[in-house]
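Chemist: have a look; sequence and predicted model below, questions after that.
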Amino acid sequence: MGDESVTDDPDDAPPWWDENVDIREELDLPGYDAPKFQDGTYVHTVVERLESRLDCQIQFIDPSPKKASRWEIRVDGDPVETVHRTRDVDANTVFGITEAEFERVVESNVTTDD
């Protein structure tokens, strides 16, 4: 899930994904899942869709690595919101915002040429 995926379908994964799954299984590590919003939606699918539709760049940035639980959402390089970042039981990233809330934040901070 990442570079080339466009849906939440687990079969829609980039080529390196299966190799990483095999390595994790060999090392008896917990499964990896791509970052999600608190409602379970994959972050990358929403970001890809919004960037395409709104012609903008969206980033999640950790502005202070010493306080890794608070991340900035940036739209075209500008900080627009801060969200809490946690880890689930398998140490996968979960951002403390729903898909709908995230969409509202991004849409309300996109500069248009109108």
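Modeler: On my side now, so go ahead.
Chemist: for the rest of this, base every contact and every neighbour count on C-alpha atoms.
Modeler: Fine.
Chemist: Val46 reaches Glu99, doesn't it?
Modeler: Yes: assessed by Cα atoms under 8 Å, Val46 is found in contact with Glu99 at 7.3 Å.
Chemist: packing partners for the longest strand anywhere in the chain?
Modeler: Using DSSP state E, we find that the single longest strand of the chain is strand 78-87. Secondary-structure packing of strand 78-87 (3 or more Cα pairs under 8 Å, 6 or more residues apart in numbering; DSSP states H and E): strand 70-75, strand 93-95, helix 99-107.
Chemist: just list whatever residues bridge to Ile73.
Modeler: According to DSSP bridges, the partner residues bridging Ile73 are Phe60, Glu81.
Chemist: could I get the helices and strands packed on strand 78-87 as CSV with mean pLDDT, mean neighbour count and distance to Ala13?
Modeler: Shown next, in CSV, are the helices and strands packed on strand 78-87 (pLDDT from 0 to 100; neighbours: other Cα atoms under 10 Å; distance: least, Cα to Cα, whole Å):
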stretch, mean pLDDT, mean neighbour count, distance to Ala13
strand 70-75, 95, 20, 24
strand 93-95, 95, 21, 18
helix 99-107, 98, 16, 20
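Chemist: that concludes my questions; thank you for your assistance.
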